[in-house]
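Novice: Let me see the structure of the following:
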Amino acid sequence: MTTLFIKNMVCNRCVMAVRNELNNSGIEPIDVQLGEVTLEKDLTAQEKEKFSKALVSLGFEMIDDKKSRLIEQIKTIIIDLVHHQDNGTKTNLSDVLSSKLFHDYNYLSNLFSEVEGTTIEKYFIAQKIEKVKELLVYDELSLSEIAFRLNYSSVAYLSNQFKKVTGLSPSHFKNIREDRRKPLDEV
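Specialist: Alright, predicted model coming up:
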């Protein structure tokens, strides 16, 4: 068994696009998840190059070095936590990352900051704010419900953080109704 690591996979449509490209390339995956493809056997150099070029045309990229793979795994875990898990349980981000990636959080944090030029915490906050924007645009939940869903201690804390990141209050953002959301891979 072999695992390929793929950059910029941020949603279920990305998983579907990569799975389709694998099928188009005649490669049968065992599993396709955010940032990872598990195959039964190694690809030949020619298959790997062809698949890699196809991925680039879709906005993805294969990752070979360990540091880049680790950074993508951190991003994938954060995106999954914020955008794909609807649980009201409070989670300690450092504990989650350390336990899933089998590295000390300080190492992960320093590596992320060195490579990405921002902290894990700022990246996590940016993802949460994008989720808040999404939920505000859907207009199905109150600000209190959004704060609860995203584990904010209070509506005031969410509002302050939202304004600090976007320059707008949540209510002003909701009123202008412009789609100011960024694609997740650009956050």
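Novice: Average pLDDT for the host helix or strand of Tyr107, rounded please.
Specialist: Using DSSP states H and E, Tyr107 maps to helix 105-116. What helix 105-116 shows for mean pLDDT is 94.
Novice: Ok, stretch 148-161 next?
Specialist: 94.
Novice: Output that stretch as CSV, restricted to C-alpha atoms.
Specialist: Coordinates of each C-alpha in stretch 148-161 appear next as CSV, following Å, rounded to 0.1, in the frame of the first residue of the first chain:
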residue,chain,number,x,y,z
PHE,A,148,-22.3,28.1,20.0
ARG,A,149,-21.7,25.9,16.9
LEU,A,150,-18.2,27.2,16.5
ASN,A,151,-17.3,27.0,20.2
TYR,A,152,-17.0,30.7,20.9
SER,A,153,-17.4,31.5,24.6
SER,A,154,-19.8,34.4,23.8
VAL,A,155,-21.4,36.3,20.9
ALA,A,156,-19.3,39.3,21.9
TYR,A,157,-16.1,37.3,21.5
LEU,A,158,-17.2,36.1,18.1
SER,A,159,-18.2,39.6,17.1
ASN,A,160,-14.9,41.1,18.2
GLN,A,161,-12.8,38.5,16.4
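Novice: For that stretch, what is the distance to the chain centroid?
Specialist: 20 Å (Cα atoms, centre = their mean, to the nearest Å).
Novice: could you give me the average pLDDT of the longest helix along the chain?
Specialist: As assigned by DSSP state H, the longest helix anywhere in the chain is helix 120-138. Averaged over helix 120-138, pLDDT sits at 93.
Novice: all strands of this structure, in order?
Specialist: In the chain, the segments counted as strands under DSSP state E are 2-7, 29-33, 36-39, 61-63.
Novice: of all those, which lies closest to Gln85?
Specialist: Closest approach to Gln85 among the strands of the chain is made by strand 29-33 (14.0 Å; Cβ to Cβ). (C-beta placed from N, C-alpha, C; glycine too.)
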